[in-house]
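J.: My questions are about this predicted structure, shown below with the sequence.
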2 protein chains.
Amino acid sequence: MATLRQLEYLVTVVDTGSFTRAAEQLHVTQPALSHQMRALEAAVGGPLLERLPRSVRLTPMGRAVLPHARAALAEAERLHTVARRTAGLEEGELEVAAIYSVSLGILPPVLRAWRRLHPGVRIRLREYPHADLLRAAMAAGRADVAIGPVPDGWEGPIRELGVEEFAVVLPVDDPLADSPTGTVALAELADRDWVHYAPGNGLADLLDHVAAQVGFHPRAAVRAEQTSAAPLLAAAGLGPALVPANIVPPHFDGAVLRPHPPVRRTLAAYTRTRPDALTVAFADLVVGVGCVDPAG
Amino acid sequence: MATLRQLEYLVTVVDTGSFTRAAEQLHVTQPALSHQMRALEAAVGGPLLERLPRSVRLTPMGRAVLPHARAALAEAERLHTVARRTAGLEEGELEVAAIYSVSLGILPPVLRAWRRLHPGVRIRLREYPHADLLRAAMAAGRADVAIGPVPDGWEGPIRELGVEEFAVVLPVDDPLADSPTGTVALAELADRDWVHYAPGNGLADLLDHVAAQVGFHPRAAVRAEQTSAAPLLAAAGLGPALVPANIVPPHFDGAVLRPHPPVRRTLAAYTRTRPDALTVAFADLVVGVGCVDPAG
DNA sequence: GTCAGCGATAAAATCTGCTCATGGCAACGC
DNA sequence: GCGTTGCCATGAGCAGATTTTATCGCTGAC
C-alpha cells in the first residue's frame, strides 16, 4: 500500500516538474525522493512518471492515479483540521443523555447558550425515562455526558446543578387549590386518583416512594407516557400530579402547589473518568446556565 | 502527519469494536496497534477513542475525524484500483499526437477500433500542421505516441504504417481531368494557380519541394488553413491541389488523379524509448488497423 | 476469590526512511 | 569536440519507526 508520504512526493514532483526541486521543497534529499518514487511505482504495479532529460512527465497510469493521490492527501489534511477545530471547541458532535424532565426544564436554555457560544458543535440528545437507565447508558458509553439525578457510587466527575423541586398540580377549582400558604399536604391527597406515570418512568417510582413515606399508595387515574403531559392532565381535572416544578409551562392554566413534606432531588451533570475537552466545556456550561430554580 | 496505516488501524478498531479483534483482523499484535493509536492521537492532538472496560468508544474528536480517515483510505484504495485498471488497459488516458492529414485519414478507424476494444481508456488528440512540430512535441514529452512522417534519427521505437500516396485534385471539367491513365504530369500544371497550404503546414513545404523538383514554383491562388479544405477548394475550381489520397472523401465531386512523378511519404507511429503498456497497446493497434491504402 | 477479557507499557527485534557518496546520461556553451 | 552543468538512479550505512514478545493492571463475570 502506498504511504501518504509517497503520495506527497508524487504530487510535489508533478507540481514542481522535477525531482530535485520537489526534494528541496520537501526538505529531503533527491535520492530519498527518487527511492520513494520507485517504491510507490512498485506498489501500484507500474511507472507513474516518465523521466525525460530535463523534466518529468506523467504516464497514463500516473495521470489516472494523480487525482486520487491528491484526494487522499486532502482528506488526511482535513482530518487534522477537523481534529484541531474539535479541540478548539469549534466543531464536533457531543452526545448528551438526560432524563425526560431535564429535557423539558434545564436543557433548552443550556442548548440555546451552547449554540450561541459554539455554533459549529452539534448536539445529539438521548432521553431516558428513568435515572437508572440514564446511569446505565452513561456507564456503557452511550453518551459523553449525562444530566439527571445524582448517581450513587459514580466514580467519574459529578457536577451538581442544584435541587429540583417538585410541585403538586391541581385544577384551579379544586378545594385545595386556594391554599393561603401555597402548599398542600400530601396526606390530604391520599384518597385521590392520581395522574401517575407509565411503568419505567422514574417519576412513577418517585411518586410511589413519596406516597409510601406519607402512608398511602396512589391509585392511578391515568398513567402518562410523556412527562410533559402530567401537569396538563392534572389541570384538566384527571387528578393531582407530582411534577418537577421547572417543567410547568409559564402562564399555566392550573394550580401549582408546594407539597408537604417537600419533594426534592438533586440533579447533576456527570461524565466518565477522563472526559475530553468538548465534553468538559459542555458540562461547565450546564453548571453555569443550567442551575435549578426551585420555584421558577 | 497521520499515516494511512494508523488510519486503517483506527477504522478497524471502530468497526470491530475492540483493539484485540482489530489486531487479529489486520494480522498485527495488539501492542503494535495500541502504540500506533497513541501515536495517531498524539499527531492529531487529542484522544480519538475512549477505552471502556469491555469496549472502545469514539470521542467527539474521534467522531469528527473518522469520516475523513475513511475517505483517505478509500482514495488510497481507489488509486491502486485505477493503477491496476490502467495496467490492464481498462482505464486511463492516452495522449496522441498526429499531423493533420493523419487525423483525417488513418486515425478515425483506429480510434473506432480502440474505443471498441478499450472503452474505458480515453484518448486525447493533439494535431500538428508539420512533421517537424510533431517530432519536437514528441521529443519534449507532450504526447505518449506520435503518428506522422518517419522522423529522421529518432531513437525510440518506430512502427511503419506504409506509404501515404498523394493525389492531384482538379475540377471534373478541367481539360486534364479526363486522363485515360488516371494520371497527370505535374509539369503540365506548372502555370496554374494552386490551392496551396498556409505557411507552417508541412504540405506547403512538400508541394514547393515537389514542384521545385519538376522545375516550377507554384503560385498560390489560395492558402488553405485546413488540410481538409484543399480537395474541396480544388474541386470547386480554385486550382489544382496536391493532397494525401486518403483524405479525399468518398463520393467526391472532383477529379482525383495520380501525379507523375508519384508523390509519397512513409508514415509511422513512434514513441520514446520505454513506452508504458497502454502506449504500446495503442501503437500496436495503429499498426494493425491504420495501414495506409495507396488509393483507398 | 478466581479467571477471563482487554488494553497499556517496556524491552528487544526488525523494518523503513533518509543521508551521503557516486555514477550515468543528456543538454548546453565555448 | 570537450568540459561543465543539470538531473535522476543506485548503493551503503545509520537513525528512527514499527512490530513482536513478555508482562502488568483493571474490570466484569461466575
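T.: Cool, the structure landed. Residues are numbered from 1 along each chain as shown, chains lettered A, B, ... in the order given.
J.: Pull up the gap between the closest residue to DNA strand C within the stretch 101-250 of chain A and B:Leu66, please.
T.: Checking the stretch 101-250 of chain A residue by residue against DNA strand C with Cβ to the nearest atom of the strand singles out A:Gly141 as nearest, at 12.1 Å. For every residue, glycine as well, the C-beta is placed using N, CA and C. A:Gly141 sits 16 Å away from B:Leu66, taking Cβ to Cβ, to the nearest Å as the criterion.
J.: What about the residue nearest to A:Thr266 when sequence neighbours are not counted, how many residues nearby?
T.: Counting by Cβ to Cβ, 6 or more residues apart in numbering or on different chains, A:Thr266 lies nearest to A:Val150, which is 4.9 Å off, once chain neighbours are set aside. Per other Cβ atoms under 10 Å in any protein chain shown, the neighbour tally for A:Val150 reads 15.
J.: can you tell me how far the residue of chain A positioned farthest from its centre sits from DNA strand C?
T.: Relative to the C-alpha centroid of chain A, counting by Cα atoms, centre = their mean, A:Pro53 is the outermost residue, at 60.2 Å. In this structure, A:Pro53 and DNA strand C are 4 Å apart, going by Cβ to the nearest atom of the strand, to the nearest Å.
J.: wait, the residue nearest to A:Thr266 sits on A:Ile158?
T.: Yes: the pair formed by A:Val150 and A:Ile158 meets the contact definition of Cβ atoms under 8 Å, at 6.3 Å.
J.: Determine the residues that are contacts of both of the two.
T.: Shared contacts of A:Val150 and A:Ile158 (Cβ atoms under 8 Å, 6 or more residues apart in numbering or on different chains): A:Ala268, A:Tyr270.
J.: The residue farthest from the centre of chain A: what secondary structure?
T.: Put simply, A:Pro53 is coil when judged by DSSP: H, G, I helix; E, B strand; the rest coil.
J.: Tell me the confidence at it?
T.: pLDDT recorded at A:Pro53 is 85.
J.: Next, give phi and psi for it.
T.: Recorded main-chain torsions at A:Pro53 are phi -60, psi -40, according to degrees, to the nearest 10.
J.: I'd like to know how many residues surround the residue lying closest to A:Val163 once chain neighbours are set aside.
T.: If you skip the residues right next to it in sequence, A:Val163 has A:Arg264 as its closest partner in space, 4.9 Å away by Cβ to Cβ, 6+ apart. Taking other Cβ under 10 Å as the criterion, the count of residues near A:Arg264 is 16.
J.: any idea how far DNA strand C is from A:Arg264?
T.: Distance of A:Arg264 to DNA strand C, computed by Cβ to the nearest atom of the strand: 36 Å.
J.: Residues of the stretch 1-150 of chain A that sit close to DNA strand C?
T.: Taking Cβ under 7 Å from any atom of the strand as the contact definition, the stretch 1-150 of chain A meets DNA strand C at A:Thr3, A:Arg5, A:His27, A:Val28, A:Thr29, A:Pro31, A:Ala32, A:His35, A:Gln36, A:Ala39, A:Pro53, A:Arg54.
J.: Which one (most neighbours) among those residues?
T.: Most neighbours among those, by other Cβ under 10 Å: A:Gln36, with 19 neighbours.
J.: Nearest to DNA strand D: which residue in the stretch 1-150 of chain A?
T.: The nearest approach of the stretch 1-150 of chain A to DNA strand D comes at A:Pro31, 2.8 Å away (Cβ to the nearest atom of the strand).
J.: Quickly find the element holding that residue.
T.: helix A:30-44 (DSSP states H and E).
J.: elements contacting that helix?
T.: Helices and strands touching helix A:30-44, as assessed by 3 or more Cβ pairs under 8 Å, 6 or more residues apart in numbering or on different chains; DSSP states H and E, comprise helix A:4-16, helix A:19-26, helix B:60-87.
J.: would TSV of those helices with distance to B:Ala236 be doable?
T.: Converted to TSV, the helices and strands packed on helix A:30-44 look like this (distance: least, Cβ to Cβ, whole Å):
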stretch	distance to B:Ala236
helix A:4-16	49
helix A:19-26	55
helix B:60-87	47
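J.: For the stretch 1-150 of chain A, give me the ranges with low pLDDT.
T.: Low-confidence segments of the stretch 1-150 of chain A, defined by pLDDT under 70, are absent.
J.: Would you mind naming what in chain A lies close to DNA strand D?
T.: Proximity of chain A to DNA strand D (Cβ under 7 Å from any atom of the strand) is limited to residues A:18-20, A:30-31, A:34-35, A:37-38, A:51, A:53-56, A:139.
J.: one more time with 10 Å, if that's ok
T.: Proximity of chain A to DNA strand D is confined to A:3, A:5, A:13, A:16-24, A:29-38, A:41, A:47, A:49-56, A:139-140, A:155, A:273 under the rule Cβ under 10 Å from any atom of the strand.
J.: Phi, psi for the residue nearest to A:Asp208 when sequence neighbours are not counted please.
T.: What sits nearest to A:Asp208 in space, not counting adjacent residues and going by Cβ to Cβ, 6+ apart, is A:Pro218, at 6.8 Å. Geometry field for A:Pro218 lists phi and psi as phi -70, psi 120, criterion degrees, to the nearest 10.
J.: What is the burial count for A:Pro218?
T.: Based on other Cβ under 10 Å, the number of other residues close to A:Pro218 is 24.
J.: Now A:Ala146: which helix or strand?
T.: strand A:145-149.
J.: I'd like the next helix or strand past that strand.
T.: Toward the C-terminal end, the helix or strand that comes next after strand A:145-149 (DSSP H and E) is strand A:158-170.
J.: For whichever helix or strand comes after that following strand, the averaged confidence score.
T.: Downstream of strand A:158-170, the first helix or strand assigned by DSSP H and E is strand A:183-185. Strand A:183-185 shows a mean pLDDT of 93.
J.: counting contacts, what elements does strand A:183-185 pack onto?
T.: Contacting strand A:183-185 under the criterion 3+ Cβ pairs under 8 Å, 6+ apart are the following elements: strand A:255-260.
J.: neighbours around A:Ala236, how many?
T.: Counted by other Cβ under 10 Å, the residues lying close to A:Ala236 total 13.
J.: That should have said A:Ala23, apologies.
T.: Other residues near A:Ala23 number 20, with proximity taken as other Cβ under 10 Å.
J.: could you measure it against A:Val65, distance?
T.: If you go by Cβ to Cβ, the gap between A:Ala23 and A:Val65 works out to 20 Å.
J.: Could you do A:Val121 as well?
T.: Between A:Val121 and A:Val65 the computed distance is 37 Å (Cβ to Cβ).
J.: Looking at the two, which is more packed in?
T.: Under the criterion of other Cβ under 10 Å, the comparison of A:Val121 against A:Val65 puts A:Val65 first, with 28 against 21.
J.: OK, contacts around the more buried one?
T.: Going by Cβ under 8 Å, 6+ apart, A:Val65 touches A:Leu10, A:Val44, A:Leu48, B:Leu79, B:Val82, B:Ala83, B:Thr86.
J.: can you check A:Gly141 too?
T.: A:Gly141 makes contact with A:Arg272, B:Glu50, B:Leu52, B:Ser55, B:Arg57 under the criterion Cβ under 8 Å, 6+ apart.
J.: That one belongs to a helix, doesn't it?
T.: No: counting by three-state DSSP, one finds A:Gly141 to be coil, located in no helix.
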